[in-house]
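A.B. asks: what's the 3D shape of this:
(chains A and B)
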Amino acid sequence: MHKKITRLFLFYWPWLLIGLVLSALLAGLFLPLQPKPYPYRIIAIGKASSTQGIAFWYSIAEGMAAAASEFQVTVDYRSPADESEVDRQIAIVYQAIAEKPDAIILAALDADRLVEPARAARAAGITVVMVDSALADVEKSPQQSFVATNNVLAGQQLGELVIQRVRPGARILVVSPSTRGDSLIGRETGVRAVIEDAFDIMPTLDTGGQLSDDIYQQVSQALAEHPDIEAIVCLNEYTTAGSARAIRGAGLTRKVTLVGFDSSEELIDYLEEGLLSAVVIQRPFNMGYLSVARTIDLLNGRKVEPFYDTGSIVITKDNIYTGENQKLLFPFEN
Amino acid sequence: MRRKSHLRDSIFLTSLFTIAGILAVFFPLSYFLTTNLTENNARDYSRQLLGQIKNSIEFYTEEMIMVSDYLAGHPDVIKYLKGENPLAPSPVSLDQQRARIMSELKAISGTRQDLVNVILFREDGNFITNRDHAGLTPYWDYREFDWYKETVAAKGVPRLSSSRVENVIAGEHRWVVSLSRAIYDQDRLLGVLLIDLNFKTISDICSNLSGVNGAYVFIQGANDELVYHPQQRLIYSSVKSERFDLVRRSESIESMTRDGIIYSSVKIKSADWVIVSVTDTRQMVQVSPLVIASYIGIGLVFALIALFVSLKASKRLTDPILELKTSMQHFQQGDFDAKAEITVTNEIAELGEQFNSMTQQIKTLVEHERLIEEQKRKSEIQALQSQIRPHFLYNTLESIIWMASSGEQDKVVEMTSSLAKLMRASASKARELVTVQVEIDTVSHYLRIQKMRYQDKLQYEIEIEPDVQNARMPRLTLQPLVENAIYHGIKPLRDGGLILIRASRAGTELHLEVADNGVGFAPGARTLSPGENTDEGESIGLHNVHDRIQLLFGKDFGVTIRSADPGQDLLAESGYDPAAGIRTIVSIRLPLVFE
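C.D. replies: Okay, the predicted model is just below:
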């Protein structure tokens, strides 16, 4: 009798075992679908503070926060105080690597010098996505995706504005805060490609990443030294502001055509006043949002494109208060 | 080879498929119910939320309308707009008039922090604001703005703008929602009233109340522009899209569901705004892998329990059947005492009882059959016994006749007496078994009769071990042997012979021997067998004895004959004096039984 029961159990145990194994397999199939128990931790490293009144970085951080809340991740925004501090930014990247986040979103202040820190991040298993400014030599760089304005196209838009507003052959000054950043290099390339042949273009004034006051001095000096300058093309927000002040300071309002890049309340005043003829603006909110969205795609193992163009828009006095432009030009709700 | 189908297998498989079936139904059903419930809950929640937001926003828009009603009907305002110099009771200067209205506007915005600008535009370009030192922007002529033109065209009906940047105040760009209202005197336009509500008031309501489970709220104004959307910039630049086709401009809450996303919309009373809440239930109803895993786990546990129970139950059912089967097998192999020990009380127990009573009946029948058989055998024995009688009687009577005719009166008497005793012994209705002593007495009568016939030609000796005297043996077994020894051993001898009779004990057996020194048989030793026919020189009686003993005591017992050539001392081993010249020993092996 005992033997028989043993035999019966021997016959049924394999069934139970098969059931157990099948369940384990099913559970195994589903477990990878289980959302991570903790949200992704992303550290974003910008070029300048998002809270010191620079609208561009404020909007980038705002877009990142919107994506963070939508995708339930944490995005921690950090930056050096201003765009001259390349060493500081490199130090911030290394500090971020030490904190072992899932990803780093970086806006490189220096396209060459940030390659090594980005490589170190990749080596530590951290996903690296660039925003606004990429690393040099995109083919070989450690960046996995890049979300930004197509700066060459934006530069071309800037160039078109000059062609529409300035007589051919006029003397033109190009003002750039730095010749190191990838975004600025792209803009300058774009501008020059369009205006090179039609105008007398002076060597680019590199203001060295300093803020408006210093730029005011430099541009005022340039205007004094070269009274024949008919137009100034600026490649970012505070060079535009500094140049506008210099033009007004020299009493050249509406006499020197100023086209600039990006916007601020100050620049909008200048636009309304006519001191500033036009600006090309970017979509920093979209940039911030998409950089986080693409980073999450990468973290989730989805395929992403190497580059996402967030576009750029020409703003003149007439279209400041229309639909989308209002939102882009006045990001602060108060 | 086809597998034998076991009862337990079918019980097991049945319960297995039942469980699988139940789980297969239960799983999707509970999923469906959960999904439905979650979706309904989410819809109820989104409608509740929408109701709250509608109330809050209506509070602000109605407040603005109230303020505009108040100001549009205010006599000072009308006077100011008409450009009339206020008269009675005492003349007031233009500056005093402006100051009075300004303090009125300040009072309004002072108690309502969310009203950032209250501006009265007079048709001639004069204006009064609620704020000190606030000038109009020099870069724009407000009369060129679209909102101004539309307000004038609305003929005194309040107009609520979308969210916009207020650009009439110099050096200021604030996000506001504006109520504008033209003030007429009959058909004459007196001026325009502009009330700016801080847009943050509206956006905070929307963003604070959304955000649960990724739900959000947006406001669509007239002409489909967005008053508020948390991701307005993404929608403007087509990074994201919104299902505006699911928005319903109804004063009661309407919900539309597409692909698991619930769009609940409601139009507010005082303006052409629709508030829309968007709830994505896909993540809520998405069965998390953890839930699936626990479903599987619970299912497995239930399955295991059910399997264990079904194994137990089937064991309870099949064990008695197996017990019954084993008993039947024993019964089949001839064990009539086989009983099914079934402890449960159900149909199988009844079956077992019936089986038991059946075996009992069969056992009785077999017993009965055996008794009949035994009876038959006994009568056979008796027949065999009676076979002896006529043969011997014939010989003896002839001797008596012979003695009577030769006038040997004494011998006739003695012989007849012995014969009579012998006959009585053999004819007695006594039991089948008699004591050795009785049998020896019987054989003694016989020998006496023969002695008288053979005179000196026959010598005999009888030795009985005292402890077998009372042992039992079948009656009339020695006599045929002795008869055999006389007729086949002694009779052919010219000088007569000797017969030795011994009864002894050998362990648990009783040995009887009849030895003679007659002519003997073919040398060797052998045991008689029942079916064997009589050889020359072997008495039929010898076989009868052998058969009877075997019938009574079994195959282990019977008659053995040992015989030797003259002078051979084989028989000396049996303890006889070699001088006696014993040549034949017929021995009987019997079980030693007393009483």
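A.B. asks: can you tell me how far the residue of the stretch 101-250 of chain A found nearest chain B is from A:Met64?
C.D. replies: As assessed by C-beta to the nearest C-beta, chain B sits closest to A:Val147 within the stretch 101-250 of chain A, at 10.8 Å. (Each C-beta comes from the backbone N, C-alpha and C, glycine too.) Remark: distance between A:Val147 and A:Met64 (C-beta to C-beta, to the nearest Å) = 11 Å.
A.B. asks: once you drop chain neighbours, what's closest to A:Arg122?
C.D. replies: Nearest residue to A:Arg122 in three dimensions, chain neighbours excluded: A:Pro142, at 4.4 Å (C-beta to C-beta, 6 or more residues apart in numbering or on different chains).
A.B. asks: which SSE is that neighbour in?
C.D. replies: Using DSSP states H and E, A:Pro142 sits within no helix or strand.
A.B. asks: and it, its phi and psi?
C.D. replies: Backbone geometry at A:Pro142, expressed as degrees, to the nearest 10, gives phi -80, psi 0.
A.B. asks: still on that earlier bit, is the residue of the stretch 101-250 of chain A closest to chain B in a helix, a strand, or coil?
C.D. replies: For A:Val147, the assignment made with DSSP: H, G, I helix; E, B strand; the rest coil gives strand.
A.B. asks: try B:Glu513
C.D. replies: Three-state call for B:Glu513 (three-state DSSP): strand.
A.B. asks: show me the contacts for it.
C.D. replies: Neighbour list for B:Glu513: B:500-504, B:574, B:585-588 [criterion: C-beta atoms under 8 Å, 6 or more residues apart in numbering or on different chains].
A.B. asks: next, work out how far apart it and B:Ile362 are.
C.D. replies: 45 Å.
A.B. asks: over to B:Ala293?
C.D. replies: From B:Ala293 to B:Ile362 the distance is 61 Å (C-beta to C-beta).
A.B. asks: how near is B:Asn223 to B:Pro230?
C.D. replies: Taking C-beta to C-beta, one finds B:Asn223 at 21 Å from B:Pro230.
A.B. asks: more neighbours, these two?
C.D. replies: Neighbours per residue, other C-beta atoms under 10 Å in any protein chain shown: of B:Asn223 and B:Pro230, the larger number sits with B:Pro230, 19 against 7.
A.B. asks: neighbours of the closest residue in space to that one that isn't next to it in sequence, how many?
C.D. replies: Spatial nearest neighbour of B:Pro230, chain neighbours left out: B:Tyr216 (5.1 Å); criterion: C-beta to C-beta, 6+ apart. Residues contacting B:Tyr216 under the criterion other C-beta under 10 Å number 20.
A.B. asks: wait, B:Tyr216 touches B:Val278, no?
C.D. replies: Yes: counting by C-beta atoms under 8 Å, B:Tyr216 touches B:Val278, with 5.6 Å between them.
A.B. asks: verify the contact between the residue of the stretch 101-250 of chain A closest to chain B and A:Met287 for me.
C.D. replies: Yes: A:Val147 lies in contact with A:Met287 (C-beta under 8 Å); the separation is 5.6 Å.
A.B. asks: compare the two (neighbour count), which wins?
C.D. replies: When neighbours are counted by other C-beta under 10 Å, A:Val147 and A:Met287 differ, and A:Val147 comes out ahead with 28 against 24.
A.B. asks: and the more buried one, what does it touch?
C.D. replies: A:Val147 neighbours (C-beta under 8 Å, 6+ apart): A:129-132, A:287, A:290-291, A:294, A:307-308, A:310.
A.B. asks: that older thread, so what sits against both of A:Val147 and A:Met287?
C.D. replies: Residues touching both A:Val147 and A:Met287 by C-beta under 8 Å, 6+ apart: A:131-132, A:310.
A.B. asks: which of those tops the neighbour count?
C.D. replies: A:Val131 (31 neighbours).
A.B. asks: what bridges to that residue?
C.D. replies: A:Val147 (DSSP bridges).
A.B. asks: distance of it relative to B:Ser277?
C.D. replies: A:Val131 sits 31 Å away from B:Ser277 when distances are taken as C-beta to C-beta.
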